[in-house]
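Q: Got a sequence here, can you build the structure:
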Amino acid sequence: MLNHDTAIASAASRMTSAAGNRPCIEMGSRRTQEESATAAARAAVIAGFGSTSNLEAGRRYGIKTVGTAAHSFTLLHDTEREAFEAQIAAFGPETTLLVDTYDVEVGVRTAVELAGDKLGAVRLDSGDLVAQAQWVRELLDNLGNINTRIVVTSDLDEYAIAALQSARWMCTAWAPPWSQDRERPPPAWSTSSSAGPTMPGNSCPWPR
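A: Next comes the predicted model:
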């Protein structure tokens, strides 16, 4: 009965060990069925994760819920600026803005321009995460956002988190969207990736 939950907790425990004192966020609900996703969120938190993006798990078990916007949310708007404005209007400047849909530097500068020094966090989800975290931290500090956090995602598992240890002082949280159907996912780390060119606008909610 608890094989699935135990497997998730085991994987989550390895990730929290690799993350050290940085919190891990469970964000794997899209990768399994509804009840399995809720059970996985609970198991991950039992094993040391700090929060989940699964709202039902939050309602049912009292787990802290957090979240961020998807690339599709940005692409559904005509511009990245419009997407950020909509998110800030809904959740306030303390929200976490996804800055790598188009150009990371432009995304960071736009986020700071719109949210000011109250910007909660920026999320990095592609490319060389170590290198990006380094210069994004420097950019944020230069723009006066010394308290804005950096959240790193992108197929993270315990191996990828361990490989990112050199950027620990720059990154505030890890959010592994690991698959819930196996105990130990294979390493999914690469130093660079590309989604290819994208087309903004209401008619294109995906990269192409």
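Q: What's the local residue count around Thr74?
A: Number of residues near Thr74 (other CB atoms under 10 Å) recorded here: 26. Quick note: C-beta positions are derived from backbone N, CA and C, even for glycine.
Q: Could you pull up the residues touching it?
A: By CB atoms under 8 Å, 6 or more residues apart in numbering, the residues touching Thr74 are 80, 83, 98, 101-102.
Q: and with 10 Å instead?
A: By CB atoms under 10 Å, 6 or more residues apart in numbering, the contact list for Thr74 reads 80-84, 86-87, 97-102, 107, 198, 200, 205.
Q: can you tell me which helix or strand it belongs to?
A: Using DSSP states H and E, Thr74 sits in helix 71-75.
Q: Show me which positions of that helix end up buried.
A: If you call a residue buried by 16 or more other CB atoms under 10 Å, then helix 71-75 has these buried ones: 71, 74-75.
Q: same thing with stretch 5-22?
A: For stretch 5-22, the neighbour count (16+ other CB under 10 Å) marks 5, 7-9, 11-16, 18-19, 22 as buried.
Q: State the mean pLDDT of it.
A: In this model, stretch 5-22 has a mean pLDDT of 92.
Q: Pull the distance from that stretch to the chain's centre.
A: Its chain's C-alpha centre and that of stretch 5-22 lie 16 Å apart, by CA atoms, centre = their mean, to the nearest Å.
Q: Output that stretch in PDB with nothing but the alpha carbons.
A: Extracted in PDB, the C-alpha atoms of stretch 5-22 (Å, rounded to 0.1, in the frame of the first residue of the first chain):
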ATOM      1  CA  ASP A   5       5.000   6.800  -1.000                       C
ATOM      2  CA  THR A   6       8.100   5.100   0.400                       C
ATOM      3  CA  ALA A   7       9.800   5.400  -3.000                       C
ATOM      4  CA  ILE A   8       9.000   9.100  -3.200                       C
ATOM      5  CA  ALA A   9      10.200   9.700   0.300                       C
ATOM      6  CA  SER A  10      13.400   7.900  -0.300                       C
ATOM      7  CA  ALA A  11      14.200  10.000  -3.400                       C
ATOM      8  CA  ALA A  12      13.100  13.200  -1.600                       C
ATOM      9  CA  SER A  13      15.400  12.300   1.300                       C
ATOM     10  CA  ARG A  14      18.400  12.000  -1.000                       C
ATOM     11  CA  MET A  15      17.600  15.400  -2.600                       C
ATOM     12  CA  THR A  16      17.200  17.100   0.700                       C
ATOM     13  CA  SER A  17      20.600  15.700   1.800                       C
ATOM     14  CA  ALA A  18      22.200  16.900  -1.400                       C
ATOM     15  CA  ALA A  19      20.600  20.400  -1.000                       C
ATOM     16  CA  GLY A  20      22.000  20.900   2.500                       C
ATOM     17  CA  ASN A  21      20.400  23.900   4.200                       C
ATOM     18  CA  ARG A  22      18.600  25.000   1.000                       C
END
